[in-house]
Every structure is written in structure tokens, then in C-alpha cells.
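Colleague: sequence first, predicted coordinates after that:
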Amino acid sequence: MHKILGLLLFAQCLLLTWPTPGNGQSPVAPESRLLVAIHYEALCPDSMNFIRRRLYDALQDNDWWSVTDLKLYPFGKAGFYNNTATGARQVFCQHGAAECELNALHGCIIETLDIRKAFNLIYCMLRSYANELDSCSRSMGVDVAKARECKRSRATADILAPYGKETLKLGISFVPTIVFENDFDPYNQRSIRNNFERHFCQQYLHKFNIRLPTCSAI
């Protein structure tokens, strides 16, 4: 009798503590994340505006972090060349050498921090055209020692090489460029930038056949 009662109580505890989905939605599986790649530049006004005023708000306000596989590529309309004197690979950037250095710093941040922490730090840094790593990392309480060492110990062109590889193969004409699921749509970039939430919802529905809760109001 005691064993039966114990089993009944255990079963009741399972029913009380087993996680249940909210808002009538099934829990989002870890693999049900939409791949979103942002190709941007550290000193590009349009990049700064999109990340700070559109992308950040979309991810935060809609609670989309759990359903987004975010990739950041701080390269934009930059390019590589070989120094004729030394033969070393070097990089040029749309907004000059300062942008190359900041792009590389962003690259080191992305390499050494988890993506959400890296994105929040970069979001803070993009409020200014100067290097805001010190003030932003201090105010956020983020340890950026590894990012600093990455930037200090490696050549700028080498840091940017993997980001450039992915960006250059797209042949982009505007920054920022947003790519869903590695399917670059060059003709709808303006619409994607200006209506990011709507495109995100459409892409998510198309891939997973799931309408996210916040998408009904978008």
C-alpha cells in the first residue's frame, strides 16, 4: 500500500513540475533556429542604424534569441590586396584604415565571446564612431581580455579573413546586407532592412511551418 501511494505521489509531482509550453505554442526545439547573417561595417551609418534601431529591438522585443542563429560578419565592402613591397596580405575598408581596425576588433569579440554577449557589446560600441570597447565592456561587466589579445597578437587582414571570405562571395553592393538561411536575395535588401521583422516571420514560417507568437501582430 505504501509503495502504491508513493508511486501515485511521484506521478503527481511529475505532472506538477513537467515544463509546459506557454501561449498554446509548442516549445521551440534547439534545431528550430533561423540562420540570420548580418554583413556590416563598424563605421557605416546604415549598419549602425540597422543594428541599433532594428535588429536589436527585433530580437529583444519579440524574444527571438531562442529561435535565431545569428552570424555577424564585420567586413562589408572591404577587400584584400598583396603589399607589393612585402608580399603580405592587407585589407582596405570603405571608411578607411580606422574602420579596418574596428572591424577586426569586432571580429575578435565575435571569436572570443558567445554570440549574444558579443552582439550586445557590439550594439553598445556602435553608438559611436570611436572605439568604445573600454566603456562598453566596463559598463556591461564583460571580460574582453581574450578579445584584446586576439587583436593585439594578430594582423588585421588575418583576423578579417574568414569574415571577408563569406562576404566577398556574395558580391554585395550595400551595407548592411541581411541573408536568411544562406539564401542571398540581392533584390529585396531594402525591404528586408526596413521590414526586418516581417521578413523574419515569413522566413521562419517557410522553413519550419511555425508561426511565432509575436508574428501575428507584425
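Modeller: Thanks, I have the structure now. Residues are numbered from 1 along each chain as shown.

Colleague: CA atoms for contacts and neighbours, from now on please.
Modeller: Noted.

Colleague: where in the chain is pLDDT low?
Modeller: The model of the chain has pLDDT under 70 over residues 1-30.

Colleague: now the strands: where do they sit in it?
Modeller: 34-40, 68-74, 79-82, 89-92, 177-180 (DSSP state E).

Colleague: what's the angle between the second one and strand 34-40?
Modeller: Read it as strand 68-74. Relative orientation of strand 68-74 and strand 34-40, computed by axes from the mean of the first three to the mean of the last three CA atoms, to 10 degrees: 20 degrees.

Colleague: residue boundaries of the helices in the chain?
Modeller: 2-17, 45-50, 56-61, 97-112, 115-125, 133-140, 145-153, 156-168, 189-194, 196-208 (DSSP state H).

Colleague: centroid-nearest residue for this structure?
Modeller: L70 (3.7 Å; CA atoms, centre = their mean).

Colleague: and that one, how far is that from L55?
Modeller: 11 Å (CA to CA, to the nearest Å).

Colleague: and if you look at L126?
Modeller: As defined by CA to CA, L126 lies at a distance of 13 Å from L55.

Colleague: now the strands of the chain as a markdown table including distance to K151?
Modeller: Below are the strands of the chain laid out as a markdown table (distance: least, CA to CA, whole Å):
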| stretch | distance to K151 |
| --- | --- |
| strand 34-40 | 19 |
| strand 68-74 | 14 |
| strand 79-82 | 18 |
| strand 89-92 | 15 |
| strand 177-180 | 25 |
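
Colleague: out of the ones you listed, nearest to E149?
Modeller: Nearest to E149, of all these, is strand 68-74, at 18.3 Å by CA to CA.

Colleague: how about the closest one: buried residues?
Modeller: Residues T68, D69, L70, L72, Y73, P74 are the ones in strand 68-74 that count as buried (16 or more other CA atoms under 10 Å).

Colleague: equivalent analysis for stretch 57-68, please.
Modeller: Judged by neighbour count using 16+ other CA under 10 Å, the buried positions of stretch 57-68 are A58, W64, V67, T68.

Colleague: identify the farthest-apart pair in those residues.
Modeller: Farthest pair in these (CA to CA) is A58 and V67. Separation: 12.0 Å.

Colleague: find the nearest non-adjacent residue to C215, please.
Modeller: C201 (5.8 Å; CA to CA, 6 or more residues apart in numbering).

Colleague: for that neighbour, give me its contacts.
Modeller: Residues counted as contacts of C201 (CA atoms under 8 Å, 6 or more residues apart in numbering) are R211, L212, C215.

Colleague: number of nearby residues for the first one?
Modeller: In other words, R211. R211: 15 surrounding residues under other CA atoms under 10 Å.

Colleague: could you do H106 as well?
Modeller: By other CA under 10 Å, the residues close to H106 number 27.

Colleague: nothing else from me, thank you.
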